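Colleague: What follows is a predicted structure for the sequence shown.
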Amino acid sequence: MPKPIDITGQTFSRLTAIEQVGSRNKRALWRCQCSCGQEVIVIGKLLRSGHTKSCGCWRSDNWFIQKQTHGESHTRLHRIWSGMKTRCGNPHCAAFLRYGGRGIRVCPEWQNFTPFRDWAMAHGYADDLAIDRINNDGNYEPNNCRWATYKQQGRNQPQNRAVIRSDGKRFVYVTDAAGESGTTTSLIAAAIKRGGTSAGYAWKYE
């Protein structure tokens, strides 16, 4: 067995080597003091390689930190962030063609949830609002996003065109036309396409 490397007094992560206390399978064993106060016997090679970092408290503490960091994974805000990344980055997502497929990306800063959450809370996030890109052809990034009602968000969609009702009234947004007339945007679009009516009116795009 080769002479063991003397690491007495050296600190590796949370462990400080105190003394060698024998060997196991020809590998030196060291009694170590953990920064939490506990002592533990560690194989010297695992200590030097960084494989063993503590008496076990590091894993426990790291789990707690991860739980705190990711404890919001079931929140609405986290789902918004996750959905944003999915439709921009996952070709298998049904909405990918309308987002990532036409070049829309999530900015580097928002690849992690925490910066996105901090931005959201500082810029008016509320549970009845949705994230909305100001420039519908732009990326998800702080300068191009805001929190808006679903009605405001709908107005920003490229298909939300001005329409004219058969009584002559013009609507800048088809969402407003649907709301006032007691119908839906999809029924208005269908009526325009087939030359029919919706809510008793004929419709046309301006």
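Modeller: Okay, I see it. Numbering: from 1, shown residues only.
Colleague: in the longest strand along the chain, what's buried?
Modeller: When the chain is parsed with DSSP state E, its longest strand is strand 15-24. Taking 16 or more other Cβ atoms under 10 Å as the basis for neighbour counts, the residues of strand 15-24 that come out buried are 15-17, 20. C-betas here are computed from N, CA, C, even on glycine.
Colleague: same for that strand, what does it pack against?
Modeller: Helices and strands in packing contact with strand 15-24 are listed as strand 27-34, strand 39-43, helix 44-49; criterion 3 or more Cβ pairs under 8 Å, 6 or more residues apart in numbering; DSSP states H and E.
Colleague: now that strand against strand 27-34, angle please.
Modeller: 150 degrees (axes from the mean of the first three to the mean of the last three Cα atoms, to 10 degrees).
Colleague: Now do strand 15-24, average pLDDT.
Modeller: Predicted confidence along strand 15-24 averages 87 (mean pLDDT).
Colleague: burial count for the residue nearest to His123 when sequence neighbours are not counted?
Modeller: Using Cβ to Cβ, 6 or more residues apart in numbering and skipping residues adjacent in sequence, the residue nearest His123 is Trp147, 6.5 Å away. Applying the criterion other Cβ atoms under 10 Å, we find 17 residues in the vicinity of Trp147.
Colleague: Next: Tyr140.
Modeller: Neighbour count of Tyr140, defined by other Cβ under 10 Å: 21.
Colleague: need the contact list for it.
Modeller: With contacts taken as Cβ atoms under 8 Å, 6 or more residues apart in numbering, Tyr140 has the following neighbours: 84, 88, 104-107, 110, 131, 133.
Colleague: about what we covered before: okay, the helices and strands packed on strand 15-24, which one's buried deepest?
Modeller: For the helices and strands packed on strand 15-24, average neighbour numbers computed from mean count of other Cβ atoms under 10 Å are highest in strand 27-34, which has a mean of 19.
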